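Colleague: pasting a predicted model and its sequence here:
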Amino acid sequence: MSSTTRIITCIVCPEGCKVSVSMEGDTITGVSGHGCKRGLAYARQEAVAPMRTLTTSVRVVGGVQPLVSVKTSAPVPRERLHDIMACVRTCSVSAPVRQGEAVLTNVLGLGVDLVATRTVERDCPPRSS
Amino acid sequence: MKSNYDLIVIGGGPAGLAAALGALRNGVQDILIIERERFLGGILNQCIHTGFGLREFGEELTGPEYAERFERQVLQAGISCLVDAMVLDITRDNHVVAISPEYGRLEFSPRAIVLAMGCRERTRGALMVPGTRPAGVMTAGTAQRLMNVEGYLPGRDIVILGSGDIGLIMARRFTLEGASVKAVLEVMPYSTGLTRNVVQCLDDYGIPLMLSHTVTAVHGAKRVSGVTVAQVDARRDVLQGTEQDIACDTLITSVGLIPENELSKRAGVELDPATGGAVVNQRLETSVPGIFACGNVLQVHDLVDNVSEEARHAGANAADMIAGRLARTEDKIRIVPGPGVRYVVPQWIDLRDMDERVVLSMRPDDVFRQVTLEVVAEGQDTPLARFQRRRLTPGEMVMLNVDSAVFHTSADRISVRVA
């Protein structure tokens, strides 16, 4: 198996430590350069399977605003972000939408929901004259 | 619409909402928030990314979630909010003139005013980038609003000038929405944004960050067709021969924020050229009695949590003034930036009726490691107070929590310096 060393910039705090992670294939064999325990955990996760919370927006039908902002209910694998975006682009939701409400459940079978981060009320129907 | 309120808060963003809540907590109930947009929450509504609220709520929220929590508190407390209304003037006797499509012209004579108008982005005009004037040049905040609030993608091939946090976040946002970000340029030799944003917004997507680079020309007739970029030296002068062209249809600028103080000037409020905001005392009261300032209109902040805290303090002090609990005195001492410090807020300490502690906010003028920030009385060698810091950078505001006793000195001025 091939051994590699990756330098990961820690994002846990503003210090931005450069953490060096050595690997044999998929197994971590050594970590150095981290400044704290949280940084160690971050670097280990980042080396094996980087995870990100995705935030974007979804089209709203009949709302006081055309979009509602959303986030994934938990971090998702980084390499799936573009797949999720492609899925989000095809969907829309009807107003009203409440903050905290899932607008899409179990996105791409990843076990996370897409949750509204803003309330968008229904737009008043135009008055007939 | 009532014509008189004890307190008028101008701006319904994070600062205005927290200021109203701070005033309420200190006993003032008759409050009106005036907001220019149709919705409360200010800039947070378009900041759909996470990273807000770690200090305030102990969890990482998106901008809209943070705003909605404050909005709910304000509405539940019965604080009056006038949206879609613009304050046009504050006259010299603290008279507020506003206009709204619903109510027409409105006038108020409150007992106190909190300024919470926020800040605006520096534009291409302020940068003086030469070239043609095609469509497709806009600030990062404008692009953010178009994409996150209105639902338009304003370009396909993007160059971003400025590596502040908004520029970095927009690089990611454009990429996720299917545009191609060619490069982020930064005139300084370091990114002015948070490290985590460089990692999560650029590195994650393989977007090049070109440090010590700037745009020297914009090309295109009707629409941007490209930009010329070049390397700069330590004095930020362009290095001849390093120019290269990058084809793009959009140039996004993220090159700094300026407190929006047009109204403050009308009211006669003295401004600090270093911050672009009002000169205030530790109660965040401006040079005009009864007018307080907080949030990005006072000084540009990095974190909304700090805005909320500062604004609550301003609101609480406005309430104390309304209740007659604050006597304004001439017994005061000037606070000035010393070597290594760009500015300090507040600029004055009023020595009577002091709280136990005073928060001094400041920015260093360079990157420093393992240093001490010293509070020094003019003409004295021994610092009045010392604060050790592992790392200082202009991109991160420093807040020192100083014991009030320190300010009772015979000197006329106190400075804060990096040592």
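Modeller: It's in. It should be emphasised that the depicted structure is a prediction, and the values quoted were computed from it without experimental measurement.
Colleague: please make it C-alpha for all contacts and neighbour counts, starting now.
Modeller: Will do.
Colleague: okay, now the unreliable bits of the chain?
Modeller: No chain specified, so I'll use chain A. Applying pLDDT under 70 to chain A picks out residues A:1, A:14, A:125-129.
Colleague: the chain in question should be chain B.
Modeller: For chain B (pLDDT under 70), the answer is B:126-127, B:328.
Colleague: now the helix or strand hosting B:Arg72: how far from the chain's centre is it?
Modeller: Taking DSSP states H and E as the definition, B:Arg72 sits inside helix B:63-76. Chain-centre distance of helix B:63-76: 19 Å, with CA atoms, centre = their mean, to the nearest Å.
Colleague: what's the helix or strand that it is followed by packed up against?
Modeller: The C-terminal neighbour of helix B:63-76 among helices and strands, as given by DSSP H and E, is strand B:80-82. Contacts defined by 3 or more CA pairs under 8 Å, 6 or more residues apart in numbering or on different chains; DSSP states H and E place strand B:80-82 against strand B:31-34.
Colleague: send the alpha carbons of the strand it packs on over as PDB?
Modeller: Output of strand B:31-34 as PDB, limited to C-alpha atoms (Å, rounded to 0.1, in the frame of the first residue of the first chain):
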ATOM      1  CA  ILE B  31     -39.700  52.100  21.100                       C
ATOM      2  CA  LEU B  32     -40.000  52.400  17.300                       C
ATOM      3  CA  ILE B  33     -37.600  50.600  14.900                       C
ATOM      4  CA  ILE B  34     -37.600  52.100  11.400                       C
END
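Colleague: name the next helix or strand downstream of it, please.
Modeller: Beyond strand B:31-34 on the C-terminal side, the first helix or strand identified by DSSP H and E is strand B:50-52.
Colleague: what segments of chain A are strands?
Modeller: Counting by DSSP state E, chain A has strands at residues A:3-9, A:18-24, A:27-32, A:51-52, A:55-61, A:67-72, A:76-77, A:92-94, A:102-104, A:114-116.
Colleague: which one's the longest helix in chain B?
Modeller: In terms of residue count, the longest helix belonging to chain B (DSSP state H) is helix B:304-322.
Colleague: quick one, what contacts A:Arg6?
Modeller: A:20-22, A:47 (CA atoms under 8 Å, 6 or more residues apart in numbering or on different chains).
Colleague: oh, that last question was meant for B:Arg120, not what I typed.
Modeller: B:Arg120 neighbours (CA under 8 Å, 6+ apart): B:257-260.
Colleague: drop anything exposed from those residues.
Modeller: B:257-260 (16 or more other CA atoms under 10 Å in any protein chain shown).
Colleague: got a list of contacts for stretch B:237-254?
Modeller: B:121-124, B:136-141, B:143, B:154-164, B:166-167, B:182, B:223-233.
Colleague: hmm, B:Ala67 and B:Gly41 touching each other?
Modeller: Yes: taking contacts as CA atoms under 8 Å, B:Gly41 lies within contact range of B:Ala67: 4.9 Å.
Colleague: which residues do the two both contact?
Modeller: Counting by CA under 8 Å, 6+ apart, the residues touching both B:Gly41 and B:Ala67 are B:13-14.
Colleague: any idea which residue of the stretch 51-200 of chain B lies closest to chain A?
Modeller: Going by CA to the nearest CA, chain A is nearest to B:Arg196 of the stretch 51-200 of chain B, at 4.6 Å.
Colleague: check contacts around that residue.
Modeller: B:Arg196 neighbours (CA under 8 Å, 6+ apart): A:10-12, A:14, A:16.
Colleague: which one of the residues you listed is nearest chain B?
Modeller: A:Ile11 (4.6 Å).
Colleague: once you drop chain neighbours, what's closest to that closest one?
Modeller: Leaving aside its chain neighbours, A:Ile11 sits nearest to B:Arg196 (4.6 Å; criterion: CA to CA, 6 or more residues apart in numbering or on different chains).
Colleague: wait, is the one you found part of a strand?
Modeller: No: counting by DSSP: H, G, I helix; E, B strand; the rest coil, one finds B:Arg196 to be helix, located in no strand.
Colleague: elements contacting the helix holding B:Arg72?
Modeller: Using 3+ CA pairs under 8 Å, 6+ apart, helix B:63-76 is in contact with helix B:14-25, strand B:50-52.
Colleague: buried set for the longest helix of chain B?
Modeller: Per 16+ other CA under 10 Å, helix B:304-322 contains these buried residues: B:304-322.
Colleague: still on that earlier bit, just put the contacts of B:Arg120 in CSV and tack on distance to chain A.
Modeller: Below are the contacts of B:Arg120 laid out as CSV (distance: CA to the nearest CA, whole Å):
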residue, distance to chain A
B:Leu257, 21
B:Ile258, 24
B:Pro259, 25
B:Glu260, 26
